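1. Just need the structure, nothing else, for what follows:
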Amino acid sequence: MPRVFPRVESPLGAGGPALELPDLPDRITVRELIRAQVREEVTRYNLNGALPFQGLVTPTEAERRLNSGSRRRERSTVDWEEQAELAERAFDKQGFVLIVGDRQVESLDEDVDLTGEPELVFVKLVPLVGG
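-> Residues are numbered from 1 along each chain as shown. Sure thing, here's the model as predicted:
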């Protein structure tokens, strides 16, 4: 099984640490890869109450709390499947792109060969203001 460590970056290259995605097959669709990434991000967030959420898409509940300025001590867990669906839609709407090795993948149904353990980078895009 390949060892895969995708990174999530901004267009300027800044981003969090790469997460290992365990137990992936040699070939996987972009959709399955996104779902594995989101599942790992959410699992780590749900297990460690001190960490802020860092991932492909921001959970809606976490986003509401951030925007409201709420300082409640408790926090709800995030549903990884809901987040994965949001991430799939964001990919389709070019909210982020996936670079595999030296090429950008275009479709959720595209196969990715992980046997050579290619570099995987999710690049979160920023919408332009005014047009």
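
2. Touching, residue 115 and residue 1? I think so.
-> No: counting by Cβ atoms under 8 Å, residue 115 sits too far from residue 1 to count as a contact (9.8 Å). Every C-beta, even on glycine, is put in place using the N, C-alpha and C of the backbone.

3. anything in contact with each of those two?
-> residue 26 (Cβ atoms under 8 Å, 6 or more residues apart in numbering).

4. how about low-confidence regions in this protein?
-> 49, 60-75, 128-131 (pLDDT under 70).

5. Swap in 50 and give it another go.
-> 67 (pLDDT under 50).

6. Check which helices and strands the helix ranked longest in the chain is in contact with.
-> If you go by DSSP state H, the chain has its longest helix at helix 30-47. Other helices and strands packing on helix 30-47, by 3 or more Cβ pairs under 8 Å, 6 or more residues apart in numbering; DSSP states H and E, are helix 80-92, strand 96-100.

7. a markdown table for these, including distance to residue 30?
-> Converted to a markdown table, these look like this (distance: least, Cβ to Cβ, whole Å):
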| stretch | distance to residue 30 |
| --- | --- |
| helix 80-92 | 7 |
| strand 96-100 | 6 |
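
8. closest one to residue 17 among those?
-> Taking Cβ to Cβ, strand 96-100 is the member of the helices and strands packed on helix 30-47 nearest to residue 17, at 17.2 Å.

9. For that closest one, name the packing helices and strands.
-> Looks like strand 96-100 contacts helix 30-47, helix 80-92, strand 120-124 (3+ Cβ pairs under 8 Å, 6+ apart).

10. Before I go, just wanted to say thanks for your time.
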